[in-house]
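Trainee: just to be clear, the model below is a prediction. Sequence and coordinates:
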Amino acid sequence: MNPVSTQRSRLVLFGRALPVIAALSLLAPPVVLSQTLVAAETRQGASQRGNPEERLKLSPAQAKELFTARQAMERRGIQVRQEILQKTRPCIDQAQNLQALGACKRSQRQAYASLMEKERQEMRDLLQKMGISVPERPAGPARRHQGKPAS
């Protein structure tokens, strides 16, 4: 996420919390208020990200199966990323102008995006096979306003 959208999302969160902050400011000294905000932000961030096993409430057997599958997926992902970089290097070396360099980078980004989508689908299939339902992420710009993804 770029710094501008991070700043914008923090402003949106702050805007939603403004009535609560105003009420607290009348009751609490500033030090207590700032500690309360930091604690609330930490809890909110932890609940959104958190440990996948805790978020999904997995049994020990499911957690082990998920770990093994995820570990194998990460190893394959590393290999694919290395291949993408190896394919991009000659393109960049042969680029004669900014447009050619940009084309190399676009191709690299498309390869990474394709890898990410493949990994997401693989994880969805694995979770479905394990009998765990995971909500679908909204597509495109709409998801930017909904916080971090659950998966």
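Mentor: It's in.
Trainee: give me the low-pLDDT residue ranges for the protein?
Mentor: 1-56, 135, 137-151 (pLDDT under 70).
Trainee: which helix is the longest one in it?
Mentor: Longest helix in the chain by number of residues (criterion: DSSP state H): helix 60-94.
Trainee: C-terminal to that one, what's the next element?
Mentor: helix 98-129 (DSSP states H and E).
Trainee: now the angle between helix 60-94 and that next one, please.
Mentor: Calculated by axes from the mean of the first three to the mean of the last three Cα atoms, to 10 degrees, helix 98-129 forms an angle of 170 degrees with helix 60-94.
Trainee: re the thing from before, which parts of the longest helix of the chain are buried?
Mentor: Across helix 60-94, burial judged by 16 or more other Cβ atoms under 10 Å covers 62, 63, 66, 69, 80, 84, 88. For glycine as for every other residue, the C-beta is placed from the backbone atoms N, C-alpha and C.
Trainee: between these, which is nearest residue 126?
Mentor: residue 69 (5.2 Å; Cβ to Cβ).
Trainee: residues near the residue nearest to the closest one when sequence neighbours are not counted, how many?
Mentor: In this structure, residue 69 finds its nearest non-sequential neighbour in residue 126, 5.2 Å apart by Cβ to Cβ, 6 or more residues apart in numbering. By the criterion of other Cβ atoms under 10 Å, residue 126 has 15 neighbours.
Trainee: next one: residue 126 from residue 95, what distance?
Mentor: Remark: distance between residue 126 and residue 95 (Cβ to Cβ, to the nearest Å) = 39 Å.
Trainee: do the same with residue 64
Mentor: Residue 64 is 47 Å from residue 95, by Cβ to Cβ.
Trainee: now swap in residue 102 and tell me
Mentor: 9 Å.
Trainee: more crowded one of those two?
Mentor: The residue with more neighbours, out of residue 102 and residue 95, is residue 95; 15 against 11, by other Cβ under 10 Å.
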